[in-house]
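**Q** Please work out how this folds:
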Amino acid sequence: MRSRKLMTTALSVAVGIAGLTALTVAAPATASVPAAADFTGYQIVKLPNANVPNFQRRVVRCPAGKKAVGGGAEAQGNQAVLVGSFPTDDGGGWIGLGRQPGYNDVGISVYAICANVG
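**A** Below is the predicted model:
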């Protein structure tokens, strides 16, 4: 039954798109990275697992002068769910948050891949 519903939805979308005479697609936002980016000083910084209240952000920061060029997070616990994993607004670290249904807290680990960018 589920596959039939998905197939019907896909067919409806395809028919809807086929009926369009023009389609405008906006270009995705891109990060500003110098053409000859310098990624020296590669380093992984870890914030080990700790229990925090559901939906509380845990933040790991890169060492001074470095920026996060990637990162990730992990939610740990019975039915734990990772709700978010994203860079800080200033690009100097990584944020992770999660929740654990039926509990007041959840285990969260956060990792940032840091480097000199310039």
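
**Q** can you list the weak-confidence ranges in the protein?
**A** Scanning the chain for pLDDT under 70 picks out 1-38.

**Q** And the strands in it?
**A** 39-53, 58-61, 67-76, 81-87, 93-99, 105-117 (DSSP state E).

**Q** How about the last one, which residues are buried there?
**A** In this case it means strand 105-117. 105-117 (16 or more other CB atoms under 10 Å). C-beta: built from backbone N, CA, C; applies to glycine.

**Q** And the second one, by the same measure?
**A** Applying a neighbour-count criterion of 16+ other CB under 10 Å, the buried positions in strand 58-61 are R58, V60, R61.

**Q** same question, the third one
**A** Of the residues in strand 67-76, those scored as buried under the neighbour-count criterion (16+ other CB under 10 Å) are K67, A68, V69, G71, A73, A75.

**Q** wouldn't the fifth one be in contact with R58 here?
**A** Which is A73. Yes - counting by CB atoms under 8 Å, A73 touches R58, with 7.5 Å between them.

**Q** which residues do those two both contact?
**A** Shared contacts of A73 and R58, defined by CB atoms under 8 Å, 6 or more residues apart in numbering, comprise I95, G96, L97, I108, V110.

**Q** just the residues you listed now: which is nearest V81?
**A** The shortest approach to V81 among the shared contacts of A73 and R58 belongs to L97, at 10.0 Å (CB to CB).

**Q** For P53, see how far away that closest one is.
**A** 10 Å (CB to CB, to the nearest Å).

**Q** what's the answer for G91, then?
**A** Taking CB to CB, one finds G91 at 26 Å from P53.

**Q** between the two, which one's more packed in?
**A** Higher neighbour count among G91 and P53: G91, with 14 against 11, using other CB atoms under 10 Å.

**Q** Contact partners for the more buried one?
**A** K67, A68.

**Q** start at 99 instead
**A** Done: numbering now begins at 99, and the last item shifts to G189.

**Q** Could you tell me which residues make contact with L195?
**A** F153, Q154, R155, R156, A171, L180, V181, G182, I206.
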